[in-house]
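1. Coordinates for the following, if possible.
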Amino acid sequence: AVAKLTSGRGADGVVETTGNAGVLGTAISCLASRGTAVIVGAPAFGTQVPVDVNFMLPGRTVVGLTMGDAETQSLIPTLVELVTTGRMPIDKLVTHYAFGDIQQAIADVLSGVTIKPVLRV
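-> Numbering: from 1, shown residues only. From the prediction side, this is the model:
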């Protein structure tokens, strides 16, 4: 689909947020020359994704990213402003669960029902 949308060129950039190794592999494989795949999602420790080295040679890049690699002194006030002005719909991103419902929270993340589960004691 990406090849069709880009007339065979590929994507300049892809941000993978699911933590699913298959999705990451697909993200990498759809990169254009000099394109970058950014890994945000965190799969289980030890998860590996096979990469065709020859495919990477035209300058494709895969990088990991933590907290947006942001400088927190400016990031936190910016995030607060986005939430308070309604430009970041945090209520649609966060679902609260009682701690006893931890298994349901995990199931909901894995199925895509929720994006960010928050456990409450």
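2. for the residue nearest to residue 59 when sequence neighbours are not counted, phi and psi?
-> With sequence-adjacent residues excluded and distances taken as CB to CB, 6 or more residues apart in numbering, residue 59 is closest to residue 34, at 4.2 Å. Quick note: C-beta positions are derived from backbone N, CA and C, even for glycine. Here the main-chain torsion angles of residue 34 (degrees, to the nearest 10) amount to phi 70, psi 10.
3. my read: residue 34 touches residue 56, true?
-> No: in this structure, residue 34 is not within contact of residue 56 by CB atoms under 8 Å, at 11.0 Å.
4. count of residues packed around the residue nearest to residue 59?
-> Applying other CB atoms under 10 Å, we find 11 residues neighbouring residue 34.
5. what's it in contact with, if anything?
-> Contact analysis of residue 34 by CB atoms under 8 Å, 6 or more residues apart in numbering lists 12, 58-61.
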